[in-house]
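K.L.:
Next comes the sequence, and after it the predicted model I'd like to discuss.
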Protein chains: 2
Amino acid sequence: MKAFVYVSLKRSVLDPQGKTIQGALNKMGYKGLQDVRQGKYFEIILDGGLSRNDAEAEIGKIAREVLTNPVIEEFRYSLEE
Amino acid sequence: MKAFVYVSLKRSVLDPQGKTIQGALNKMGYKGLQDVRQGKYFEIILDGGLSRNDAEAEIGKIAREVLTNPVIEEFRYSLEE
């Protein structure tokens, strides 16, 4: 089973990296971009033995406790067979 | 319109960052992880004026020419109204 975890800065947190990319794209002639934000994503391959519920619990725990800094970041995840 | 661009290392490229995270998770007691790989993702908000086709072309071009290093990385993207 494969899990994708997406970690991004909370909306309320300034994202200077995203702003820099947006500025660079603008200078390169890509107009019409209202906002750019950058995040991280993780692809995790799980052993086949886990049930979907167990896998979801495991990935949720890993995302919450390890991959995300809860003060400034939020996450979402999805599972795929 | 909102676009999500996901950039990851090609399968053939070693991902030491992912391996480090995998090792750390293992030591913390999360067993059953076969592989962990880390990538980047970008959330781009586009002006409303663009048609879906134009937006797709624009985002594809940005992903290919700016956000991805074609030697070691690959990308995929999705659009959302």
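P.N.:
Arrived safely. This structure is a prediction, so every number in the text was calculated from the model and none was measured.
K.L.:
Low-confidence ranges, chain A, go.
P.N.:
With pLDDT under 70 as the threshold, chain A has no low-confidence stretch at all.
K.L.:
residues in it within reach of chain B, list them.
P.N.:
Contact residues, chain A versus chain B (Cβ under 8 Å from any Cβ of the partner chain): A:6, A:8, A:18, A:21, A:24-25, A:28, A:30, A:32-47, A:49-50, A:58, A:61-62, A:66-67. The way it works is simple: take the backbone N, C-alpha and C, and place the C-beta from them, glycine included.
K.L.:
Let's see that with 7 Å instead.
P.N.:
A:6, A:8, A:25, A:30, A:32-47, A:49-50, A:58, A:62, A:66 (Cβ under 7 Å from any Cβ of the partner chain).
K.L.:
Chain A: strands as residue ranges?
P.N.:
Taking DSSP state E, the strands of chain A run over residues A:2-9, A:33-46, A:73-80.
K.L.:
Of those, give the one that comes closest to residue B:54.
P.N.:
Using Cβ to Cβ as the measure, strand A:33-46 is the one of these that comes nearest residue B:54, at 13.0 Å.
K.L.:
Relative to that closest one, what are the paired strands and their orientations?
P.N.:
Neighbouring strands of strand A:33-46 in its sheet, by DSSP bridges, are strand A:2-9 (antiparallel), strand B:33-46 (antiparallel).
K.L.:
Could you say which one of those comes nearest to residue A:71?
P.N.:
Nearest of the strands paired with strand A:33-46 to residue A:71, taken as Cβ to Cβ: strand A:2-9 at 10.6 Å.
K.L.:
Thanks again, I'm all set now.
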